[in-house]
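[1] Give me the fold of what follows.
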Amino acid sequence: MLWIAWAVIVWNVVFDHVIVVAGRGYIAAARQAAAVPGRPFANMDDWMRPAVTRAFWIASAAGGAIVLAGMAAARSAEAFPPPLAERAAGDPPEPSAKAGAQ
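    Below is the predicted model of the structure:
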């Protein structure tokens with residue numbers, strides 16, 4: 001569950017970052033357009049609509065990578081037996097390599 005929570009948080013941070021960068025780009029373009037008389041103003045939709053799509057895909061890739069890494073880590077953790085201290089008292093001991101060789 002922590003991996004999923006981390007993926008959601010990263011998704012939000014990456015999405016917001018891409019939107020903020022696009023907003024800053026729009027503000028710079030709007031300043032340049034306003035500085036030249038007669039030049040048309042920069043249209044916010046021309047900047048922000050593609051930024052939303054780009055932010056969605058970049059954030060989804062980052063969140064998806066974290067979910068996949070978490071699933072792989074959980075699966076690899078299942079492959080190893082628990083330490084002796086965590087085993088139940090009635091569990092049989094695991095065979096050692098030396099016992100099989102004799």
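
[2] low-scoring stretches of the protein, by residue?
    Residues of the chain that meet the criterion pLDDT under 70 lie in 81-102.

[3] need the strands for it, in chain order.
    Here the chain has no strands by DSSP state E.

[4] those helices in it, which residues are they?
    With DSSP state H, the ranges of helices along the chain come out as 2-35, 44-78, 97-101.

[5] I'd like the ones you listed as CSV, with mean neighbour count appended.
    Yep, even glycine has a C-beta here, placed from its N, CA and C like the rest. As requested, the helices of the chain are arranged in CSV below (neighbours: other CB atoms under 10 Å):
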stretch, mean neighbour count
helix 2-35, 14
helix 44-78, 13
helix 97-101, 7
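
[6] which non-adjacent residue is nearest the residue nearest the centre of the chain?
    Centroid-nearest residue in the chain: G63, 2.7 Å away (criterion: CA atoms, centre = their mean). Using CB to CB, 6 or more residues apart in numbering and skipping residues adjacent in sequence, the residue nearest G63 is W11, 3.7 Å away.

[7] shouldn't the residue nearest to the centre of the chain be in contact with A7?
    Yes: with contacts counted by CB atoms under 8 Å, G63 reaches A7, the gap being 4.2 Å.

[8] Need the overlap of contacts for the two.
    Here G63 and A7 have no joint contacts, going by CB atoms under 8 Å, 6 or more residues apart in numbering.

[9] Excluding covalently adjacent residues, which one is nearest to F15?
    That would be A59: by CB to CB, 6+ apart, it lies 4.0 Å from F15.

[10] who's in contact with the one you found?
    Contacts for A59 (CB under 8 Å, 6+ apart) come out as V10, W11, N12, V14, F15, V18.
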